[in-house]
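Trainee: quick one, fold the following:
(3 chains)
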Amino acid sequence: MKPVREMLITLVEHFPIGAFPGGTNDDQPDGGSDPFRVLISTVLSQRTKDENTYIASQRLFSKYKNPAELAAAPIDDLMELIRPVGFPKAKSKAIKEIARIIHQDYNDRVPNEIDKLLALPLVGRKTANCVLVYGFGQDAIPVDVHVHRISNRIGLVSTKTPEETEIELKRVVPKDLWKFINTVFIAFGKRICTPRNPKCLICPINRYCDYFTKKIR
DNA sequence: AAAACGGGGGC
DNA sequence: GCCCCAGTTTT
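Mentor: You can find the predicted model right below:
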């Protein structure tokens, strides 16, 4: 068995925080952000770079401040505002529809149940779990391509799909560390544990890593 | 499980 | 042109 806590604490120390792309975590009493903004900005973040998401979110929310306003926004204006994140047609349509549903069906309150989140357009497991963690401070693990790749590479899990990875991680990782997995692994995956040619020689957890162990054997 | 889908930005 | 990028949806 791996000393999982020790490994992850080491990573947290080397790759601190890592804000999610949509905004700050300091505007809510529980340390989370406004769930609606988390939801929208996380949709915007899909398949794009976090810097672009940050810019687009700022532009969007400085003009449309709540679900009702966003639901009433002209689609062409939304496309222009969110342009930096790519996929402007699909994403502007989705966030407008999400805003409408949150406003009309949920009385402006984003639901904190995963099934209801998954019913929204362009909201899959990764996005829904981001809302639970960063919007509501719940225990969840958003699994994106980095979390999936790194978890398997270092031998934390042995899985084929991201959903299996989510399930296995929840078994292996102490619950109080779940909230760190996504942001810390992404930072780790950018600097060290890259998809190709990972920098194992300067990796702070290489002593625990299956991939490195096999490589130097 | 695998393929399709969607665009901006960097080089 | 080609490839990358914090996925989702449809076969």
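
Trainee: around DNA strand B, which positions in chain A sit nearby?
Mentor: With CB under 7 Å from any atom of the strand as the criterion, chain A meets DNA strand B at residues A:47-48, A:52, A:83-84, A:86-90, A:160-161. (Each C-beta comes from the backbone N, C-alpha and C, glycine too.)

Trainee: farthest pair in these?
Mentor: A:R83 and A:K160 (35.6 Å; CB to CB).

Trainee: with neighbour numbers in mind, choose between the two.
Mentor: Per other CB atoms under 10 Å, whichever of A:R83 and A:K160 has more neighbours is A:R83, with 16 against 9.

Trainee: let me see the contact set for the residue minimising distance to the centre of chain A.
Mentor: For chain A, the residue nearest the mean C-alpha position is A:C130 (4.8 Å; CA atoms, centre = their mean). Contact partners of A:C130, counting by CB atoms under 8 Å, 6 or more residues apart in numbering, are A:20, A:38, A:42, A:142, A:182.

Trainee: how about TSV for those, with pLDDT added?
Mentor: TSV is the format used below for those (pLDDT from 0 to 100):
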residue	pLDDT
A:F20	68
A:V38	96
A:T42	97
A:P142	97
A:N182	95
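
Trainee: can you turn the buried part of those into a ChimeraX selection?
Mentor: Restricted to buried positions by 16 or more other CB atoms under 10 Å, the ChimeraX selection for these reads:
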select /A:20,38,42,142,182
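
Trainee: going by distance to DNA strand C, which of the contacts of A:C130 wins?
Mentor: Using CB to the nearest atom of the strand, A:F20 comes nearest to DNA strand C of the contacts of A:C130, at 4.6 Å.

Trainee: okay, now whichever residue of chain A sits closest to DNA strand B: neighbour count?
Mentor: At 3.1 Å from DNA strand B, A:G86 is the closest residue in chain A, using CB to the nearest atom of the strand. By the other CB under 10 Å criterion, the neighbourhood of A:G86 contains 15 residues.

Trainee: leaving out chain neighbours, which residue sits closest to it?
Mentor: A:T48 (5.2 Å; CB to CB, 6 or more residues apart in numbering).

Trainee: for A:I98, give me its contacts.
Mentor: Applying CB under 8 Å, 6+ apart, the residues near A:I98 are A:39-40, A:43, A:120-123.

Trainee: cool, thanks, talk later.
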